[in-house]
Structure formats: structure tokens, C-alpha cells
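In: Sequence and predicted structure, then a few things I'm wondering about:
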Amino acid sequence: MNPPPPLTERLDGWLVRHRRRVLGVLLFAAVFLRLMVGMELAGGPLVRIQELVPASDNAFFVTWSRHLAEVDWLQREPLHPMPPWMRKVAHQVMREHPELPVQLGLAKDASYEPGPMAVRLWDHWLGGATYFQEPLYPYLMALTRVVAGPSAWFVFLWQGLLGVGALGLTYLVGRRLLGESVGVLAALLGMGYAPFMVHEFALLRDSLIVFATLALLWAFLEALDRGGWRWALFGALSGLSLLLKVPFVFFVALALVGALVLRRCKVRDVGLALGCMGLAMLPALLRNAAVGVPLFKLNGSGTAMLALFHVEDALPSQFIISKHYAAILAQADGHLLPSLLAAIRTHASLTGYLYLCVEKLVATVHGVEVPNNVDVDLFQNGSPALNALPVPFWLLGILGTVGVITTGSRWRQVWPLYVGILAGVPTLLLASVLTRYRLPMVAVLLPLAAAGLLGLLE
């Protein structure tokens, strides 16, 4: 008697035969869960962080989008947040270096008023009219305000729809690379991971970043397999992704280099992708030229603030204001490389700085969901549906490791997943290991975690 076919083969066959029903159930469950969570959170404080915490990123995105929609679509004047910690740092700089505003040309003499000068100093360090962060998300919020109104729930609506779309993309990526069973299980694992849905109910760009990560990965797989105009699509999505968050450049660069090295594309394909990437970024570049800021500078906060994450008293998984930060700002004037070098020099030795980097790498795989503007634990306490979701990060990490082992012989097939995970590491090393910075890596990990689960079941 012949042995029965492997579990994965049998499961693939059943899922393919019942694909419409299975995908329909997944779609219904994803939408139903979001409706349940929305009803549980409605009226509570967690969906009003932007109102209750004026110093939060959530609140600044509201201010920024309102300014774009109602005052100036080009944002010709500086527009930056000024939470208490930024004012405190600026006042420390003025106490220790009272002549600095005069040297920078921001005041005629040292008799300036410290309060207004704190704002002017930060406007200078953050690049004047340079966007505080990448502009795509606040422009989408502004467009939502114009079309539908100022309620945050209109933004939550399209973020939730993109969350459902991200699960669909997870299924498509998993199915393309590792089969029907992996695609379905990957989508189920993503549906059970609470932080994805939590960030859909916050005015932050992280849920959109998850969707963009998966869309970019899917477009790259399409380009690798089918070529032609799909390289143009990949390039256009790359440009839009960079307008959402500049670190997407790591994925784009690694993906294109990998495709060339493995002979999965030609030089002209890379040229087509890069050309369409530039076209997608063109509106932001033209805006920068119009207001007189550096053409490719899409984020003013990173250049001035990254030093905070590299000083000797920085923590791998927390945001704290270093005692060295005011001196670094005064010395490096908010420039990226001088700031980073000054921050590294605060360590007793290079070994101390490298140890901080190792701590961040180790913290990347811890199971704690570190809050920043949004606290996953608070959301789960406020929503029984969120609290019931069964997939923690540590489980995805274990299953993903098993998946890497079980798919090792097929590395030429699944290498884009490795690229997606690796491309998320620089953000964590440059900044901090926070839950919302880790989400894109988790999204790419899902197909490998599904493969690992199937491997254990086999």
C-alpha cells in the first residue's frame, strides 16, 4: 500500500478546491474583527490619544494635516511639534551657549526672548520648511479631512480597509512562494496578531507602513516572475513608499542588488524601476524645490534627533532625553553625520557603542510590545476582542525560525522574505526597538512562520 501524501500536499489540495469559500471566510472574519474592536473602543480614551495627549505624534499629525488642508498645501513655512522636552532641550542650549542664536543669525544680540527663540532654534535644527517627517501620511489625512471631514474615524476606516488588504497581500505572498497552505496560515497568523489591528485605530502611519511593506514585496515578486512593465510598478510603489518612510530605501536597494546578483533581472529593468521611483517622488521633489529646501530631504526630524538613540545613556528599547543631547545639538547644529559621530563619542570606547547595537539586535526578538505613542497592552485591556487574539510575537519568532530552517533548501525561492526582514534591521539599529518600528518585519515574517507551523505539523 502506498503511503498517504504529506499533510501539506493534502491541505493544499483541499484549500485550492475550496479557495473561494476559504477566502470569503477570512475576509468576513477580518472585517468582523475590526468592527468588533471599533465598537469596543468607540467612546473610550484610546481612540482619542490625539486629543488627550497634545505632545504625542498622533496630535501633531492632526495639526499637520489640518494645516495642509486649511492653510497651505505646500507648507511653505516651518511646521514642527514643540513638546515640553524639545523646549527643555532648547532652553538648556541657550543657557549653556547664550551666543549660539546670534552666531546662527537668528538674533541680533543676546537680549532675545528665550521662549520664541526655542521655537526658532528648533525650526533651524529641523531644516526650516523641510517636512518634519515624510509627507505621504499627513497628506492622506489632509485629503480625508477635505473629502469626508475632520473625524478621526474616517482615517481609521481606510486604515482598517488597508489592514484587511494587508492580510490579502500576506496570503498572496505566502501562496506564491510556498503554496496555498502557507498563504492561508500566514493570513490567519496575521489576523491573530493584535498590534497590527491596534495601530489601525491610531493616527500614526504604522498600519500604512505594514500595507506598503507587503505591497512592495508582492510587486517585487511579480516583477521577478513576470518582468516587463511590472518593474515599473515596483518602482512606482518604491517611490510612494519612500514618501511614507525613507528607510524603505534599504528594501529597494537590497531587492534590486539581489535580483541582479541572482540574475533575476537585467540592468534595464533596474533602470526602469528607478526611473518610475523618481516619477512617483516627483511631486515632493518639486515642492521642495519650490519652497527652497534640499531636493531629496523628506524628513527633518531624523537628521537632528537620531543622535538620541546612539549616546552612551541611550536604552535599546526606550526613548529618553540624554544629558548629552543639548551639547550635541549645539556642536553639530542638527546635521546627521556630525550628530551621530558626536553621539558615538560620548561612549567610553567604541566597544561600548557596539554593545549598545548588540543590545538592540537582541531586543529585536524579545516578546515585549514596547509602547510609543500607542500602548498595545492598554488597547487589549480596553477591547476583549483584541485581548482574545491568540498570536504573540514570541510565537511568531519561534515559528519563523523553524520556517527558515524548513525552507532552507528553497532559499532561491524565498530569499525576498529574507531581504524584507533584513531591511527592517537598520531602522531598529538607527532608532530603537519599539513595537511600531518592528511591525514591518513581523509582516514579512508571517509566511515563514506559517511554513514553520506546517513543518512542525508534518
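Out: Nice, thanks for sending it over. A quick note: this is a predicted structure, and the numbers were derived from the prediction, not measured.

In: if you average pLDDT over the helix or strand hosting residue 69, what comes out?
Out: Counting by DSSP states H and E, the element that carries residue 69 is helix 57-70. Taken as a whole, helix 57-70 has a mean pLDDT of 98.

In: Just the CA atoms of the next helix or strand after that helix, as PDB, please.
Out: On the C-terminal side of helix 57-70, the closest following helix or strand by DSSP H and E is helix 84-96. Presented in PDB, the C-alpha positions along helix 84-96 are these (Å, rounded to 0.1, in the frame of the first residue of the first chain):
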ATOM      1  CA  PRO A  84       7.900  70.100  26.500                       C
ATOM      2  CA  TRP A  85      11.100  68.000  26.100                       C
ATOM      3  CA  MET A  86      12.000  69.900  23.000                       C
ATOM      4  CA  ARG A  87      11.600  73.200  24.700                       C
ATOM      5  CA  LYS A  88      13.600  72.000  27.700                       C
ATOM      6  CA  VAL A  89      16.500  71.000  25.400                       C
ATOM      7  CA  ALA A  90      16.400  74.300  23.600                       C
ATOM      8  CA  HIS A  91      16.500  76.300  26.900                       C
ATOM      9  CA  GLN A  92      19.400  74.200  28.000                       C
ATOM     10  CA  VAL A  93      21.300  75.000  24.800                       C
ATOM     11  CA  MET A  94      20.600  78.700  25.400                       C
ATOM     12  CA  ARG A  95      21.800  78.600  29.000                       C
ATOM     13  CA  GLU A  96      25.000  76.800  28.100                       C
END
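
In: How far away from the center of its chain is the helix or strand that helix 84-96 is followed by?
Out: Sequence-wise, the next helix or strand beyond helix 84-96 is helix 100-103, with elements assigned using DSSP H and E. Relative to its chain's centre, helix 100-103 lies at 36 Å (C-alpha atoms, centre = their mean, to the nearest Å).

In: tell me which residues in helix 100-103 are buried?
Out: Burial within helix 100-103, assessed by neighbour count using 16 or more other C-beta atoms under 10 Å, is assigned to 100, 101. Glycine gets a C-beta too; all of them are placed from N, C-alpha and C.

In: Enumerate the positions of the lengthiest helix in the chain that are buried.
Out: Among the elements of type helix in the chain, defined by DSSP state H, the one spanning the most residues is helix 152-178. Buried residues in helix 152-178, counting neighbours by 16+ other C-beta under 10 Å, are found at 152, 155-160, 162-164, 166-178.

In: repeat for stretch 384-394
Out: 385, 386, 389, 391, 392, 393.

In: same deal with stretch 372-380?
Out: In stretch 372-380, residues buried by neighbour count (16+ other C-beta under 10 Å) are 372, 373, 374, 375, 376, 379, 380.

In: Those residues in helices, which ones?
Out: Within these, residues falling in helices by DSSP H are 376, 379, 380.

In: show me the contacts for the second one.
Out: Read it as residue 379. By C-beta atoms under 8 Å, 6 or more residues apart in numbering, the residues touching residue 379 are 41, 46, 194, 198, 201, 386.

In: if we go to 7 Å?
Out: Residues near residue 379 by C-beta atoms under 7 Å, 6 or more residues apart in numbering: 46, 198, 386.

In: And for residue 117?
Out: Residues counted as contacts of residue 117 (C-beta under 7 Å, 6+ apart) are 94, 101, 106, 107.

In: cool, residue 60 as well?
Out: Taking C-beta under 7 Å, 6+ apart as the definition of contact, the neighbours of residue 60 are residue 81.

In: gap between it and residue 336?
Out: Relative to residue 336, residue 60 is positioned 21 Å away (criterion: C-beta to C-beta, to the nearest Å).

In: now swap in residue 419 and tell me
Out: The spacing between residue 419 and residue 336, counted by C-beta to C-beta, is 25 Å.

In: Neighbour count for those two, which is higher?
Out: When residue 419 and residue 336 are compared on other C-beta atoms under 10 Å, the one with more neighbours turns out to be residue 419, at 22 against 14.

In: Next up, the contacts around the closest residue to that one other than its chain neighbours.
Out: The shortest distance from residue 419 to any residue that is not its chain neighbour, by C-beta to C-beta, 6 or more residues apart in numbering, is 4.7 Å, and that residue is residue 254. In this structure, residue 254 makes contact with 419, 422, 423, judged by C-beta under 7 Å, 6+ apart.
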